[in-house]
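Visitor: Any chance you can model this:
(chains A and B, ligands or ions: 2)
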Amino acid sequence: MFGDQLVPTPCKVVARRDENSDTSTLTLAAPAQWFPGFRPGQFMMVYARGVGEIPLSISGDPAHADHTVVHTVRAVGAVSRALRDASVGDVVGVRGPFGKGWDLDSAKDDLIVVAGGVGLAAVRSAVLEAQSCGRFRRVVLSVGARRPSDLLYRPDLDAWSQGDLVDLELSVDVTEPDWPGHVGFVTQSLNRLVLEPGRTTVLLCGPEPMMRMSARTMLGKGVGRKNIRVSLERNMQCGTGLCGHCQLGELLLCRDGPVVDYGVAEPLLAVKEL
Amino acid sequence: MNDHAGEYCPREIEALADDQRHRLAAISREVQFAAGTVVFREGEHADRCWLLRSGRIALTTRIPGRGEETVETLSVGEILGVSWFRPPRQWQWTATAVTSVTAAEVDATMLQSVTESDPDLGRAIYSILANTLLHRLQATRARLLDLYAREHVR
Ligand SMILES: Cc1cc2nc3c(=O)[nH]c(=O)nc-3n(C[C@H](O)[C@H](O)[C@H](O)COP(=O)(O)OP(=O)(O)OC[C@H]3O[C@@H](n4cnc5c(N)ncnc54)[C@H](O)[C@@H]3O)c2cc1C
Ligand code: FES
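Guide: Ligands and ions are numbered 1, 2, ... in the order given. Below is the predicted model:
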């Protein structure tokens, strides 16, 4: 655990990279004695002083034990905007890591990772780990964005598109000049995949309709519900299973999630307003 | 960007009997388009279709003040060209090779006569077309939701 479960640890912003017009990646320096390590798919509660606290996925490389924690934040409201606007040298509060991650240890040989919008933040660490652990026969990353200039992590995407380890397909809704990639929805590139369903694990993170449609495309290809994992989100406050804010059906997502298999998620996602 | 589909061929084609596949092969020919080649233009007579084997095709239309806009791209394993199927048999979009493309080109008149003379093959071909159209319709509807723009969270 990073610092106290309930009391944020002050961390200095040591780097900031603007990903697009509303999203930035912050590297936070953690005090060495507290640096916890994390598993891909876990999240931290990050506090903007005087504004509030929100859950953010840890998007850094799990192999980098350099006492930094990396978050990518999209400005949508007061807290996320304050964090997105944080400058190098500012201090934010951090507690965590919380939740179950993607659990790559139990994944099958072929990993299909599908991310939409800022959902890429929650799978980046999984892709980096899959790339470095060398355990996977195949890693496919299918990313959806509104337009090319919205895509996050351009240096990573460039490296993945040129290397042999990750098979990358980028899909945008709206094209821009000189865009050589796919224009369409992620399900179209998933539909084209030739895969061995019994050897495949799928990780999904993005807007819920995108995850449902991608899951159905994968079910249609014969991948079992248990081998499709989705990262769900609901409002979070304590992060520790105490307050009940993140309840979804019988789950407390901060504790039992945010990653759950589609067998569990499917009925919950079908219930209106749950 | 990689084409990660490998040697993809629609399942319905793979499931055809050998003699049916030979009949299809007899009315197809391998073609190549260099990047930038216009495969067909909006409004022209639609008399062919293609099964894409490699590369990427953009479907575009001209919008005054915005130029040629891409509405969708197609690649490996996908079918390019369905407007031959119903009157007025005119292409609805302009198709341009974004990268170099290889494809199996099929003459629509011959395809229709093959499907009429062999109902099993006809069913398989129309099932491929129906799947293609259904999938594209669903993907297009998903894009209409503008999910990434309005998402407040991920
Ligand atoms: C496990 C988890 C991991 C996350 N990881 C990231 C990440 O890596 N990067 C990132 O940018 N965001 C991430 N989010 C989302 C982020 O927590 C929210 O955007 C943030 O809480 C918004 O707070 P705010 O005060 O800025 O906006 P608010 O003013 O609270 O909200 C702005 C709008 O977003 C809606 N909203 C806010 N939070 C949620 C939510 N959790 N579920 C549904 N609707 C919501 C509100 O109803 C409102 O319409 C994650 C959320 C969870 C639960
Ligand atoms: S956030 Fe409090 S129980 Fe999950």
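
Visitor: From here on, just use CA atoms for contacts and neighbour counts.
Guide: Fine.

Visitor: where's the spatially closest residue to residue A:74 that is not a sequence neighbour relative to chain B, distance?
Guide: For residue A:74, ignoring the flanking residues on the chain, the nearest one in space by C-alpha to C-alpha, 6 or more residues apart in numbering or on different chains is residue A:23 at 4.2 Å. Distance, residue A:23 to chain B, using C-alpha to the nearest C-alpha, to the nearest Å: 11 Å.

Visitor: count of residues packed around residue A:23?
Guide: When neighbours are counted by other C-alpha atoms under 10 Å in any protein chain shown, residue A:23 registers 23.

Visitor: who in chain A is up against ligand 1?
Guide: For chain A, the contact set with ligand 1 under C-alpha under 6 Å from any ligand atom comprises A:43, A:54-57, A:72-74, A:76-81, A:118, A:121-122, A:233-236, A:258.

Visitor: Out of those residues, which end up buried?
Guide: Taking 16 or more other C-alpha atoms under 10 Å in any protein chain shown as the criterion, what is buried in the residues of chain A next to ligand 1 is A:43, A:54-57, A:72-74, A:76, A:79-81, A:118, A:121-122, A:233-234, A:236, A:258.

Visitor: tell me, which of those make contact with ligand 2?
Guide: Of those, the ones that also sit near ligand 2 (C-alpha under 6 Å from any ligand atom) are residue A:236.

Visitor: Out of the buried ones among the residues of chain A next to ligand 1, which sit inside helices?
Guide: Among those, the subset assigned to helices under DSSP state H consists of A:79-81, A:121-122.

Visitor: Need these in TSV (columns: distance to residue A:8 and pLDDT).
Guide: As requested, these are exported to TSV (distance: C-alpha to C-alpha, whole Å; pLDDT from 0 to 100):
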residue	distance to residue A:8	pLDDT
A:79	15	96
A:80	16	95
A:81	19	95
A:121	22	96
A:122	21	96
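
Visitor: OK, contacts around residue A:211?
Guide: A:204-205, A:230 (C-alpha atoms under 8 Å, 6 or more residues apart in numbering or on different chains).

Visitor: neighbour-wise, which of the residues you listed leads?
Guide: Going by other C-alpha under 10 Å, residue A:204 tops these with 30 neighbours.

Visitor: which regions of the chain sit below the pLDDT cut-off?
Guide: Since you didn't name a chain, this refers to chain A. Chain A contains residues with pLDDT under 70 at A:1-4, A:35-36, A:271-274.

Visitor: nope, chain B please
Guide: For chain B, counting by pLDDT under 70, the residues that fall below are B:1-12, B:150-154.

Visitor: run the last query once more with 80
Guide: B:1-15, B:149-154 (pLDDT under 80).

Visitor: show me where it has helices.
Guide: Using DSSP H, helices in chain B cover B:11-14, B:18-26, B:108-117, B:119-144, B:147-150.

Visitor: right, so of those helices, which gets closest to residue A:154?
Guide: helix B:147-150 (17.2 Å; C-alpha to C-alpha).

Visitor: do the closest one and chain A meet at all?
Guide: Yes. Helix B:147-150 is in contact with chain A by C-alpha under 8 Å from any C-alpha of the partner chain, via B:147-149.

Visitor: ok, residue B:77 touching residue B:52?
Guide: Yes. Taking C-alpha atoms under 8 Å as the definition, residue B:77 is a contact partner of residue B:52 at 5.4 Å.

Visitor: Looking at the residues of helix B:147-150 next to chain A, which one is closest to residue A:67?
Guide: Distances from residue A:67 to the residues of helix B:147-150 next to chain A, taken by C-alpha to C-alpha, are shortest for residue B:148, at 32.0 Å.

Visitor: Let me see the contact set for residue 62.
Guide: If you meant another chain, say so; for now it's chain A. Contact partners of residue A:62, counting by C-alpha under 8 Å, 6+ apart, are A:37-40, A:125, A:128-129.

Visitor: meant chain B, my bad for not saying
Guide: Counting by C-alpha under 8 Å, 6+ apart, residue B:62 has contacts B:68-69.

Visitor: same question, the one 10 residues further on
Guide: The contact partners of residue B:72, taken as C-alpha under 8 Å, 6+ apart, are A:182-184, B:58-60.

Visitor: sorry, back to before: relative to residue A:252, which of the helices of chain B is closest?
Guide: helix B:147-150 (25.4 Å).

Visitor: Please compute how far the closest one lies from its chain's middle.
Guide: Taking C-alpha atoms, centre = their mean, to the nearest Å, one finds the center of helix B:147-150 at 27 Å from the center of the full chain.

Visitor: ditto for stretch B:97-109
Guide: On C-alpha atoms, centre = their mean, the centre of stretch B:97-109 falls 9 Å from the chain's centre.

Visitor: Give the bridge partners for the residue most central in space within chain B, please.
Guide: With the centre of chain B defined as its mean C-alpha position, the nearest residue by C-alpha atoms, centre = their mean is residue B:80, 1.8 Å away. For residue B:80, the beta-bridge partners are residue B:50 (DSSP bridges).

Visitor: Please tell me how far it sits from residue A:134.
Guide: 37 Å (C-alpha to C-alpha, to the nearest Å).

Visitor: Equivalent analysis for residue B:64, please.
Guide: 51 Å.

Visitor: Over to residue A:52?
Guide: In terms of C-alpha to C-alpha, residue A:52 sits 40 Å off from residue A:134.

Visitor: Please tell me I have it right and residue B:63 contacts residue B:93.
Guide: No. Contact criterion C-alpha under 8 Å: residue B:63 and residue B:93 do not qualify, at 11.8 Å.
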